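**Student:** Okay, predicted coordinates and the sequence, questions at the end:
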Amino acid sequence: MLLLQIHVFGNSNPDSVLMYIETLTEKQQADTLKRIIVNNIFKDPKTTFVYVNKYSTLPVVQNDSALICLSYYWTGMIYEIFGDYQKAIEYDFKSLELAEKTQNKRLKAITLNNIGLVYSVQKNYHKESLKYFKEYLKISQENENETEITGAYMNIGMQFQRMDIPDSAEYYFKLAYNLAEKLNDKRNIGLSYASLAELEKVKDSDKLYYDYSKKAIQLFKEEGYLIDLAALYYDMSEYYLEKKELDSALHYSYLMLDIGNMYDLAVFKQNAHLSLSDIYHASAKYNQAYQNLDAYIQLKDTISSNETKEKLAQLQVIYETKLKDKEIENLTITKKLQERKEYFYWLLILVTIMVSGIVVFFIAMKRRKDKLVNRQKAIIHKKEQELVTLALEKSKANEKELETKLDFKTRQLTTHAVSMMQKNKLMQELLDSMTTVRKHCNDDQKHEIQKLQRQIKRSLNVEKDWDLFKMYFEQVNQDFFAKLLEKAPTLSSNDLRLSALIRLNMNIKEAATVFNVEPASVKSARYRLRKKLGIHQEDDLYDYMRKI
């Protein structure tokens, strides 16, 4: 029941809400606070700020980069609503940096939107703002998030409106309205009405302006979007002031001021007091005009606007001179205006000199910095080239070392094969000689010779020697036999042995010695091997084996 109240009323007592949240598990606390923040950030930002601060301290949030990024995003949004754009942009860029680091496209999109909103209220930054909104739209379309696409359409339309491009603004407002209607997104429907009303104001379509504004007011009130309602009241106050309908303008300015005071929103309080000053000035109520302009200035950090100073001085002079005689009033006004004119003239000269000096200084510093950066880049580039050259030389040395090792192992393997087969040949010759000698021996000697022959035959195991040779061979030439059989499955074991000797670059005579056969037999075997492999030239056999 408590959560339901939080969702409906933006100004719920945060202490009681936080007490309730403390009874939940850590994950439940994070989920509950997230729902509260999303539902109330545009309804009661001041109270929502308390919930955002609580959310950001939860361990489950601090251990999750995406949740930290989300808390930065909310904080930046609330500071923007409060009108503290410096802090807003600070948190927005922290959120953007974390979103890009974690490759979270949705958080990146909504943060880009926040940055665009901050730029949109700054003078001379309309193109930059539009760039951020369009990037927000692009990512939202890739994510297929229709709610955020609606918001992107709305913000792009508003930016075109600020840039005085009404056709483009109307196009995006209608896109936003159609999609908001489809999603039943009450806030964006209301914002669409308010934006379309602004376009009708430019066209002097009073009835359509009133109808759209009335629909927007009704939706904002029903759904509790008082921040958006205050912004609409400001537009309506300005509209009625232009129409010289001062009572209506005054009515909407005070409604905006009430909301600004309710949530302590400096931006709306400033705008309300500035509008009231203009309205009272138009009504010739200079005292109230002066008081409201003074209140507007008090809400700003510093009185830095020359336009505001001049307006304040004019209202103050008008109010004071109303109490004096007309002739004295004229003389006083003339004198003060002359003094003020001279003051501003010299002030303008001084400011121009100071600004020119600062500009020249920064240009010189920038040129110096650019030279230093280019010098550093050149040094870095040279170092990089040296490192690349060193790495290449090292790679060639390693490659040469590997080739040397492989060549050594190949020669070692060849030597092993030759010695293995020579041993077998010697043993066979010895066996044959013993058979001849045995014919001329007595029975006892024959028995001993037969015993020796059996021992020699047991040691004369060609297949076992070849298995050992094969194991050593494949250590140097991995998967040689498997790849060869894959190309020609009909190859016999003798074919494989011959292929290995060819791979070791043995000629026919050397192979004949290893096999203990005539060279003609090896030549015939090589011919049969070429036919099985589909090789026509004798010279190609070694190249073929070497490439396997």
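**Tutor:** Yes, it's here.

**Student:** C-alpha from now on. contacts and neighbour counts both.
**Tutor:** Will do.

**Student:** Chain neighbours aside, what residue packs nearest to Ser283?
**Tutor:** Leaving aside its sequence neighbours, Ser283 sits nearest to Leu246 (CA to CA, 6 or more residues apart in numbering; 7.5 Å).

**Student:** who does the helix ranked longest in the chain touch, helix- and strand-wise?
**Tutor:** Criterion DSSP state H: the longest helix present in the chain is helix 326-438. Counting by 3 or more CA pairs under 8 Å, 6 or more residues apart in numbering; DSSP states H and E, the packing neighbours recorded for helix 326-438 are helix 306-321, helix 443-459, helix 462-476, helix 508-515.

**Student:** for the residue nearest to Ser283, phi and psi?
**Tutor:** Main-chain torsions, Leu246, degrees, to the nearest 10: phi -70, psi -30.

**Student:** List the contacts of it.
**Tutor:** By CA atoms under 8 Å, 6 or more residues apart in numbering, Leu246 lies in contact with Tyr240, Ile279, Ser283.

**Student:** Take the residues you listed and lay them out in CSV including neighbour count.
**Tutor:** What follows is these, written out as CSV (neighbours: other CA atoms under 10 Å):
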residue, neighbour count
Tyr240, 18
Ile279, 27
Ser283, 14
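
**Student:** Tyr73: which of these is nearest?
**Tutor:** Nearest to Tyr73 among the contacts of Leu246: Tyr240, at 36.1 Å, using CA to CA.

**Student:** what separates the closest residue to that closest one other than its chain neighbours from Gln288, distance-wise?
**Tutor:** Leaving out its chain neighbours, the residue that sits closest to Tyr240 by CA to CA, 6+ apart is Ala249, at 4.9 Å. Taking CA to CA, to the nearest Å as the measure, Ala249 falls 15 Å from Gln288.

**Student:** Among those two, which residue is more densely surrounded?
**Tutor:** Remark: of Ala249 and Gln288, Ala249 carries more neighbours, 25 against 19, as counted by other CA atoms under 10 Å.

**Student:** Figure out the helix or strand that that one lives in.
**Tutor:** Take DSSP states H and E as the rule and Ala249 turns out to sit in helix 246-263.

**Student:** Put the alpha carbons of that helix into PDB.
**Tutor:** C-alpha atoms of helix 246-263 as PDB (Å, rounded to 0.1, in the frame of the first residue of the first chain):
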ATOM      1  CA  LEU A 246      -2.400  40.800 -19.000                       C
ATOM      2  CA  ASP A 247      -4.800  39.200 -16.500                       C
ATOM      3  CA  SER A 248      -4.400  35.800 -18.200                       C
ATOM      4  CA  ALA A 249      -0.700  36.200 -18.400                       C
ATOM      5  CA  LEU A 250      -0.600  37.100 -14.700                       C
ATOM      6  CA  HIS A 251      -2.700  34.100 -13.800                       C
ATOM      7  CA  TYR A 252      -0.400  31.600 -15.500                       C
ATOM      8  CA  SER A 253       2.800  33.300 -14.100                       C
ATOM      9  CA  TYR A 254       1.500  32.800 -10.600                       C
ATOM     10  CA  LEU A 255       0.600  29.200 -11.200                       C
ATOM     11  CA  MET A 256       4.100  28.600 -12.400                       C
ATOM     12  CA  LEU A 257       5.500  30.400  -9.400                       C
ATOM     13  CA  ASP A 258       3.400  28.200  -7.100                       C
ATOM     14  CA  ILE A 259       4.900  25.000  -8.600                       C
ATOM     15  CA  GLY A 260       8.400  26.500  -8.400                       C
ATOM     16  CA  ASN A 261       8.000  27.300  -4.700                       C
ATOM     17  CA  MET A 262       6.400  24.000  -4.000                       C
ATOM     18  CA  TYR A 263       9.400  22.000  -5.200                       C
END
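
**Student:** ok, and for that helix, which residues are buried?
**Tutor:** Neighbour-count burial for helix 246-263, counted by 16 or more other CA atoms under 10 Å, picks out 246, 248-250, 252-260, 263.

**Student:** do stretch 223-237 as well
**Tutor:** Across stretch 223-237, burial judged by 16+ other CA under 10 Å covers 224-237.

**Student:** same question, stretch 195-212
**Tutor:** By 16+ other CA under 10 Å, the buried positions in stretch 195-212 come out as Ser195, Leu196, Ala197, Glu198, Leu199, Glu200, Lys201, Leu208, Tyr209, Tyr210, Tyr212.

**Student:** now it, how far from the centre of its chain.
**Tutor:** Stretch 195-212 sits 40 Å away from the centroid of its parent chain (CA atoms, centre = their mean, to the nearest Å).
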